[in-house]
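> here is my input; please provide its structure:
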Amino acid sequence: MKNLIIITFIFFIIFSCAHEAKHKKDDSKMNSTDETEILNTINNVYNNIIVESNKTPDFKTIKEQFVEQARLGYIINDSLILKSPNEYFDTMERMLTQNKPEYLKEWEIKGTTKFFGKIAQRTSLYGVHFNTTDSLTEKGIINFQLVKINNEWKILSMLWESEKKGVLKSDNYFD
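From the prediction side, this is the model:
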């Protein structure tokens with residue numbers, strides 16, 4: 001009887017460890033897929049903010065990356081400016097139509113993602129070229145907050161600040 005209890009106990013421990021290992025493996029696979037989907041959402045914004053030759057930004061695709069109630073925020077002269085994606089990107093579209101730049105590209109230089117369940121945060125160092133590729137016109141940090149709804153990662157908020165005198169990204173910001 002004593003041996004049966006010991007064997008049952010050992011079997012229970014082995015089964016529990018195997019079950020836990022299986023779930024950890026499944027979780028890492030899901031996280032990899034989620035991270036890829038999060039990056040796709042972010043890249044659908046960055047990759048569509050471009051003007052060159054006959055290419056113009058795809059504002060419809062950009063706006064589709066956001067939840068309906070999303071907010072975009074940025075700092076100007078110590079003030080926080082908040083807009084909806086429609087307000088912000090409609091203004092950008094009007095400005096590009098009026099000013100007709102020869103070249104514009106915004107892209108992620110470096111970024112990190114942290115997520116838990118159906119919420120995520122992507123911190124992104126971005127760069128902007130405007131009418132030249134010789135130097136950066138702007139560089140800064142964007143914090144994206146995302147939520148997974150109906151199996152799709154959407155941007156809930158986007159807050160950024162550009163580098164300027166006294167506000168520069170440290171070399172170890174992403175460490």
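> what secondary structure does the residue nearest to E138 when sequence neighbours are not counted sit in?
Distances taken as CB to CB, 6 or more residues apart in numbering put V128 closest to E138, at 4.1 Å, once the chain neighbours are dropped. Backbone N, C-alpha and C define where each C-beta goes, glycine included. In three-state terms, and counting by DSSP: H, G, I helix; E, B strand; the rest coil, V128 is strand.
> show me the contacts for V128.
Applying CB atoms under 8 Å, 6 or more residues apart in numbering, we find V128 in contact with L104, K105, E106, L136, T137, E138, K139.
> got any ranges where this structure has weak pLDDT?
For the chain, the stretches with pLDDT under 70 are 1-30, 175.
> can you do 50?
The chain contains residues with pLDDT under 50 at 9, 11, 17-30.
> in it, which spans are helices?
Here the chain has its helices, by DSSP state H, at 2-46, 59-63, 85-99.
> and the last one, what does it pack against?
Meaning helix 85-99. helix 59-63, strand 66-76 (3 or more CB pairs under 8 Å, 6 or more residues apart in numbering; DSSP states H and E).
> and the shortest one, by the same measure?
Under the contact criterion of 3+ CB pairs under 8 Å, 6+ apart, helix 59-63 touches helix 2-46, helix 85-99.
> residues near the nearest residue to T137 once chain neighbours are set aside, how many?
Distance criterion CB to CB, 6+ apart; nearest residue to T137, sequence neighbours excluded, is F130 at 4.0 Å. As a burial measure, F130 scores 17 neighbours (other CB atoms under 10 Å).
> repeat for N131
When neighbours are counted by other CB under 10 Å, N131 registers 12.
> same question, the one 4 residues further on
When counting by other CB under 10 Å, one arrives at 7 neighbours for S135.
> over to the one 10 residues further on?
Each residue near Q145 was counted by other CB under 10 Å, and the total is 15.
> so it bridges to which residues?
Using DSSP bridges, the beta-bridge partners of Q145 come out as Q121, S157.
> for I155, see how far away it is.
Separation of Q145 from I155 (CB to CB, to the nearest Å) stands at 7 Å.
> go on, N54?
Here N54 is placed at a distance of 28 Å from I155 (CB to CB).
> now swap in D34 and tell me
Taking CB to CB as the measure, D34 falls 14 Å from I155.
> between the two, which one's more packed in?
The neighbour comparison of D34 against I155 (other CB under 10 Å) goes to I155, with 24 against 18.
> hmm, F66 and that one touching each other?
Yes - with contacts counted by CB atoms under 8 Å, I155 reaches F66, the gap being 4.7 Å.
> what is in contact with those two at once?
In contact with both I155 and F66: no residue, using CB under 8 Å, 6+ apart.
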